[in-house]
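A.B. asks: need a 3D model of the following:
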Amino acid sequence: MAINKRRIGLLGGSFNPAHGGHRHISHIALKRLGLDELWWMVSPQNPLKPQAGMAPLRERMARAAKTARHPRIRVTDIESRIGTQYTADTLAALVHRFPDVQFVWLMGADNLQQIHRWDRWEQIFNLVPIAVFGRPAYSLVALRSKAAQRYRTRRVPEGEARALGAKPTPAWLFLPGVLHFGSATAIRRRRASAERLARRSLKPATPLS
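C.D. replies: The predicted structure is shown next:
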């Protein structure tokens, strides 16, 4: 007798901070991919990003929980709890621990463009199906990337999005038309600019001679 497995999307990253773009693609993923749940996996430290400017994990978790605001989006620090740093190790651990779940890895086109720089990136494609979401200025370049070319024959048609989780790996899907201009980098820059202006406004005025 066939067992219907739960289908869970995984959105990993620093979430430094979480923003509307994360929520936007999550809502799209829940609907288009037929997901039962979606996990925001807040990483302790992205090995490809500098530690400078990285907010504490607890602070990023709290911001993510406030941003998610959806009963089927779960914010988790599972990477910290199972002690993994690289995506390949995290996915291998999850697949082993949850044999009754069909996981789908979610990422933006910017990550598809440079995933070949990730540790054991081909293993990631072989562990779980992958859904790639269009992002401004990245989509066309991403579709010509090393990973896209390497797995060009394993790309799943957009019309089969709901079946992605059950596809044998490697399998990946590109979803255009879900662009969002939210950016954690832009948010951090705006914060830094506001802080600089605030510090300037608090400086005592130079007395007139």
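
A.B. asks: and the closest residue to residue 163 other than its chain neighbours, what does it touch?
C.D. replies: Nearest residue to residue 163, sequence neighbours excluded (Cβ to Cβ, 6 or more residues apart in numbering): residue 156, at 7.6 Å. Any C-beta I mention is one placed from the backbone N, CA and C, and that applies to glycine too. Counting by Cβ atoms under 8 Å, 6 or more residues apart in numbering, residue 156 makes contact with 129, 163-164, 167, 171-173.

A.B. asks: between these, which sits nearest residue 58?
C.D. replies: residue 129 (31.6 Å; Cβ to Cβ).

A.B. asks: circling back: which of the contacts of residue 156 fall in strands?
C.D. replies: 172-173 (DSSP state E).

A.B. asks: mind listing what residue 43 touches?
C.D. replies: 12-15, 79-80, 85.

A.B. asks: what do you get if the cut-off is 7 Å, keeping everything else the same?
C.D. replies: Applying Cβ atoms under 7 Å, 6 or more residues apart in numbering, we find residue 43 in contact with 12-14, 79.

A.B. asks: same question for residue 81.
C.D. replies: Counting by Cβ under 7 Å, 6+ apart, residue 81 has no contacts.

A.B. asks: okay, and it sits in which element?
C.D. replies: helix 78-82 (DSSP states H and E).

A.B. asks: where does residue 78 land on pLDDT?
C.D. replies: Looking at residue 78, its pLDDT stands at 96.

A.B. asks: equivalent analysis for residue 202, please.
C.D. replies: pLDDT at residue 202 comes out at 58.

A.B. asks: equivalent analysis for the one 5 residues further on, please.
C.D. replies: According to the per-residue confidence, residue 207 scores 51 in pLDDT.

A.B. asks: let's have the chain start at 44 instead
C.D. replies: Sounds good: first residue 44 from here, last item residue 250.

A.B. asks: just to revisit the earlier point, out of the contacts of residue 86, list just those in strands.
C.D. replies: 55-56.

A.B. asks: that older thread, buried ones in the helix holding residue 124, by neighbour count?
C.D. replies: Within helix 121-125, the residues that qualify as buried are 121-123, counting by 16 or more other Cβ atoms under 10 Å.

A.B. asks: and for stretch 156-168?
C.D. replies: 156-158, 161, 164, 167-168.

A.B. asks: cool, and stretch 139-159?
C.D. replies: 144-158.

A.B. asks: how far out from the middle of the chain is it?
C.D. replies: 8 Å (Cα atoms, centre = their mean, to the nearest Å).
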